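From the sequence below, what's the structure:
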Amino acid sequence: MEDNNSSREKELQLLFEEEKLSETLKIVNDEILNYLEKRKYISEYIIDYRKNVIEEYRDDEDKVTEYFDHERYVKEEAFKTIDRKLKELTILKENPYFGKVGFIEDEDLLESLYIGRFGVTQEGRYEPIIVDWRAPVAALFYHGSLGKAAYNSPAGDIETDIKERRQFIIKKGKLQGMFDSEVDVKDDILQMVLSSNSSEKLKDVIMTIQGEQDTIIRRPREKTVVVNGVAGSGKTTIALHRVAYLLYNNRKQLGDKVLILGPNSIFMEYISTVLPSLGEVGVKQDTITSFIIKQISLNEEIMEFPKYMEKVLSGDKEFIEDIKLKKSKVFIGKLDELIQDIEQSYFKIKPVNYFGEEIVGVEEIKNMFEKDYLYMPIFRRSQKIKRVIISKIKDKRDERIWKLNKETEEYKKSLKPDDLLIEENNIEFNRRIKIREIVRELMNSRAELEEWIDNESILNIYNKFNGYKKLTSDDLAPILYLMIKLDGKKAKSDIRHIVIDEAQDYSELQFKAIKELTGCKSMTIVGDTNQRLVDIEQEAAMLRIEDIYPEDDVENYGLNISYRSTMEIMNYANKFLKEEKVIPLVRQGKEVKSVEIASEEDLIDEILMSIEDFKDEGLESIAIITRNSEDMNKIYSKVREFAPVMKFHSEDVIYNGGTVIIPSYFAKGLEFDGVIIVDFNYEKDKDEDLIKYIMSTRALHMLKDINVNL
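So this is what the prediction gives:
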């Protein structure tokens, strides 16, 4: 009997939720019509007003221009708001909400809120129909369990008692399923989303954010948040959703002042659709290399990333030692010594003379360097002192010209009118010659001054310091650091929040340079110390942010549950770490197959067979991953003969699904439904193999490991 009652209760609840969905969709449609009407009204108003202005000021071009400048601004602002809302509502037509939370706040009244990608409140109504997932109260939906919980409001923390939490699957406006549950990593919905193919997973993640992830996302704007998370723990997801959350709650302060820095263009392209899907546009996204190159206006070529990684993976000892040095504290010390040396002995001060008279002495110039303008960086200081000295020389020039003109006038006055007529041209000629001498002497004094007070370019200084080696990405932060310390360089635009992804590869110097360049007081820094491309045998700088940024309010989080891959894949990947740190989500999948191949023919057959097997399982994105591009090129053309496959040979390649062949360093940060590792350099007895770990953890559902012994 109880089962019947329970079944009937579920049916009633399903009917209620279907009715609620229908009502909500009707409201969303009405709101769309409402905003379309507003848009039309603004358009007509602007057109009418424009006609009147043109008519009224027909003969006054300045007035018409002034109006159009103002009108364009008003139009852009009004349209921006309306278009934004229309885009949000259009997305909500397909899937208005994904969750519901019921809670008691006071007076024992159960309050139910529906949580969606965007919020909707009808005009003239106070209560929202849909609550934006970024709103403070929505934190209750992501809370770890039913029962007592609090959410942050402008009035302070509000205590509540969560009574129900319901998740929905809604596709194209139809309710396809609902689940009542506490937030738990074994949720049916979480399993369903994680089991889907990679193309939609990043976008669907707001419905499956876990309690621990939500806590990080909602940390206040003033915090610098550092997340060290294992492969597949949702680091990038957390970072992007934290951006969306901060913008939603601090739009005035942050506006278009958020910067996301990623490792390479392939990765940036991969994540580029996530923020727009959350309604956020105007967030600056760049690779760390490209960002610094733009800031320092570097025209000199640097070593391409693939070539850099090939040298690392081939074990080029001298090159790797250079990388280790440039990522070390020792190197910062060497740069600081160079700066100190420049500070103390770069400028060989000489007195400044004008017509043999000493205008500014050595002691006075020293005083300017060591006291008056000491607060300025040394090269900016020297340019300031140069301007001051030139101004003093010009004063002397003006004094001489004034004296010459006065003497000339007095001489003219002393002549009789007849004599003046005869001599006037000659007098004027001599006056001009003397003025030229005065100006020439100014130029001579200036040239003598510039000989010692002008500095060579900072790039030249660094190249000399670096032994004129070919520049790599590791040289960009040192050059920027010197520009900041020697010339007071500042960022070209106002940046208030920075997200750094794949931060495990950043050196302390990179963190310092970014901070000093932007003056940014809050950051979101995410990475996985198990996935460092170059094992530099020292603690990752991202784990020491409170030492690097002592003035920041830093919070560290560790995430060791992987949501990306199946249990079988994560258990396999764990073999390549010294310590087994990754806890796989309990999502069962196919066993990982590891095979050894001894001939080229067998290798190609094995790859082609694996591609077919993966496709038969319904996998859409498949990656063949090699350690380096040399290995990739060994097999690409042969595989290409029999199967359509796209080669990732540079950062400019844009991935749109299908089968790809890619070196390990471009695959980092990406995920694929199925991965086929082709490893020509596998060492069985190696304690730790971080590259193999990176390759293995790219797979969501299926992994095949082919070890080649040709």
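
which residues touch residue 28?
Shown in contact with residue 28 (CB atoms under 8 Å, 6 or more residues apart in numbering): 89, 92-93, 96, 120. The way it works is simple: take the backbone N, C-alpha and C, and place the C-beta from them, glycine included.

Could you list which residues are in contact with the spatially closest residue to residue 502 that is not a sequence neighbour?
The shortest distance from residue 502 to any non-neighbouring residue, by CB to CB, 6 or more residues apart in numbering, is to residue 263 (4.2 Å). By CB under 8 Å, 6+ apart, the residues touching residue 263 are 287-288, 501-502, 505, 668-669.

In which helix or strand does the residue in the chain sticking out farthest from the centre reside?
Centroid-distance maximum for the chain: residue 418 at 81.4 Å, with CA atoms, centre = their mean. Residue 418 is part of helix 417-453 when elements are defined by DSSP states H and E.

Can you list the low-confidence ranges for the stretch 251-400 of the chain?
For the stretch 251-400 of the chain, no stretch has pLDDT under 70.

if we go to 80?
270-282 (pLDDT under 80).

how about the strands in it?
258-262, 284-287, 352-354, 357-360 (DSSP state E, counting those that start in this stretch).

out of the ones you listed, nearest to residue 111?
Between residue 111 and those, the tightest spacing by CB to CB is seen for strand 258-262, at 32.8 Å.

how near is residue 380 to residue 494?
20 Å (CB to CB, to the nearest Å).

So which of these two has more stuff around it?
residue 380 (15 against 12; other CB atoms under 10 Å).

Look up the pLDDT of the closest residue to the more buried one other than its chain neighbours for me, please.
Nearest non-adjacent residue to residue 380, counting by CB to CB, 6+ apart: residue 488, 4.7 Å away. pLDDT, the model's per-residue confidence, is 93 for residue 488.

now residue 488: how far from residue 247?
Per CB to CB, residue 488 is found 30 Å from residue 247.

neighbour count winner among those two?
More neighbours surround residue 247 than the other of residue 488 and residue 247, with 24 against 14 (other CB under 10 Å).

and the more buried one, what is it in contact with?
Neighbours of residue 247 in contact, by CB under 8 Å, 6+ apart: 254, 258, 280, 283.

Mind telling me what element it is part of?
Assigned by DSSP H and E, residue 247 belongs to helix 235-249.

could I have that helix exported to PDB, CA atoms only?
Backbone C-alpha positions of helix 235-249 (Å, rounded to 0.1, in the frame of the first residue of the first chain) are rendered in PDB as follows:
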ATOM      1  CA  LYS A 235      39.400  23.500 -11.900                       C
ATOM      2  CA  THR A 236      38.700  25.300 -15.200                       C
ATOM      3  CA  THR A 237      34.900  25.100 -14.600                       C
ATOM      4  CA  ILE A 238      35.300  26.600 -11.100                       C
ATOM      5  CA  ALA A 239      37.500  29.400 -12.500                       C
ATOM      6  CA  LEU A 240      35.000  30.300 -15.300                       C
ATOM      7  CA  HIS A 241      32.000  30.100 -13.100                       C
ATOM      8  CA  ARG A 242      33.800  32.200 -10.400                       C
ATOM      9  CA  VAL A 243      34.200  34.900 -13.100                       C
ATOM     10  CA  ALA A 244      30.500  34.700 -14.000                       C
ATOM     11  CA  TYR A 245      29.600  34.900 -10.300                       C
ATOM     12  CA  LEU A 246      31.900  37.800  -9.600                       C
ATOM     13  CA  LEU A 247      30.700  39.800 -12.600                       C
ATOM     14  CA  TYR A 248      27.000  39.100 -11.700                       C
ATOM     15  CA  ASN A 249      27.500  40.500  -8.200                       C
END
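
can I see the domain layout of this structure?
Per automatic domain parsing, the domain ranges recorded for the chain read 2-183, 223-315+491-562, 352-453, 586-708.

can I get these in CSV with distance to residue 323?
Shown next, in CSV, are the domains of the chain (distance: least, CB to CB, whole Å):
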stretch, distance to residue 323
domain 2-183, 40
domain 223-315+491-562, 5
domain 352-453, 28
domain 586-708, 13
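
Mind checking those domains for the one nearest to residue 341?
Of all these, domain 352-453 sits nearest to residue 341, with 10.6 Å by CB to CB.

next one: phi and psi at the residue nearest to residue 502?
phi -80, psi -40 (degrees, to the nearest 10).

ok, it to residue 180 distance?
41 Å.

next one: residue 241
Residue 241 sits 24 Å away from residue 180, taking CB to CB as the criterion.

Tell me where the stretch 501-650 of the chain has helices.
Using DSSP state H, counting those that start in this stretch, the helices found in the stretch 501-650 of the chain span residues 508-518, 545-548, 567-574, 600-616, 629-640.

Among those, which comes closest to residue 583?
helix 567-574 (8.0 Å).

which other helices and strands contact that closest one?
Judged by 3 or more CB pairs under 8 Å, 6 or more residues apart in numbering; DSSP states H and E, helix 567-574 is in contact with strand 583-584, helix 690-696, strand 699-708.

Tell me if residue 226 really is in a strand.
Yes. Counting by DSSP: H, G, I helix; E, B strand; the rest coil, residue 226 falls inside a strand.

show me what contacts it?
By CB under 8 Å, 6+ apart, the contact list for residue 226 reads 503, 525-526, 542-543, 545, 554-557.

make it 10 Å
Neighbouring residues of residue 226 by CB atoms under 10 Å, 6 or more residues apart in numbering: 216, 500, 503, 523-527, 542-546, 549, 554-558.

same question, residue 499
The neighbours of residue 499, taking CB under 10 Å, 6+ apart as the test, are 225, 236, 238-240, 242-243, 246, 258-262, 283, 285, 523-526.

redo that, cut-off 7 Å
The contact partners of residue 499, by CB atoms under 7 Å, 6 or more residues apart in numbering, come to 239, 243, 260-261, 524.

from the residues you listed, which is closest to residue 366?
Out of these, the member with the shortest distance to residue 366 (by CB to CB) is residue 261, at 42.0 Å.

Pull up the gap between the closest one and residue 499, please.
Going from residue 261 to residue 499 by CB to CB gives 7 Å.

Then residue 432?
Separation of residue 432 from residue 499 (CB to CB) stands at 64 Å.

which residue is nearest the centroid of the protein?
Residue closest to the average C-alpha location in the chain (CA atoms, centre = their mean): residue 260, at 1.1 Å.

tell me the contacts of it?
By CB under 7 Å, 6+ apart, the contact list for residue 260 reads 243, 283-285, 499.

Of these, keep whichever come out buried.
Neighbour-count burial (16 or more other CB atoms under 10 Å) applied to the contacts of residue 260 gives 243, 283, 285, 499.

on that earlier part again, of all the strands of the stretch 251-400 of the chain, which one is nearest residue 583?
strand 258-262 (26.2 Å).

quick one: strands adjacent to that closest one?
strand 284-287 (parallel), strand 497-500 (parallel) (DSSP bridges).

tilt between it and helix 508-518?
Here strand 258-262 runs at an angle of 160 degrees relative to helix 508-518 (axes from the mean of the first three to the mean of the last three CA atoms, to 10 degrees).

CA atoms only: put strand 258-262 into CSV for me.
Written as CSV, here are the backbone C-alpha positions of strand 258-262 (Å, rounded to 0.1, in the frame of the first residue of the first chain):
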residue,chain,number,x,y,z
VAL,A,258,38.5,40.7,-16.0
LEU,A,259,41.4,38.9,-17.7
ILE,A,260,41.7,35.1,-18.2
LEU,A,261,45.2,33.8,-18.9
GLY,A,262,45.5,30.3,-20.4
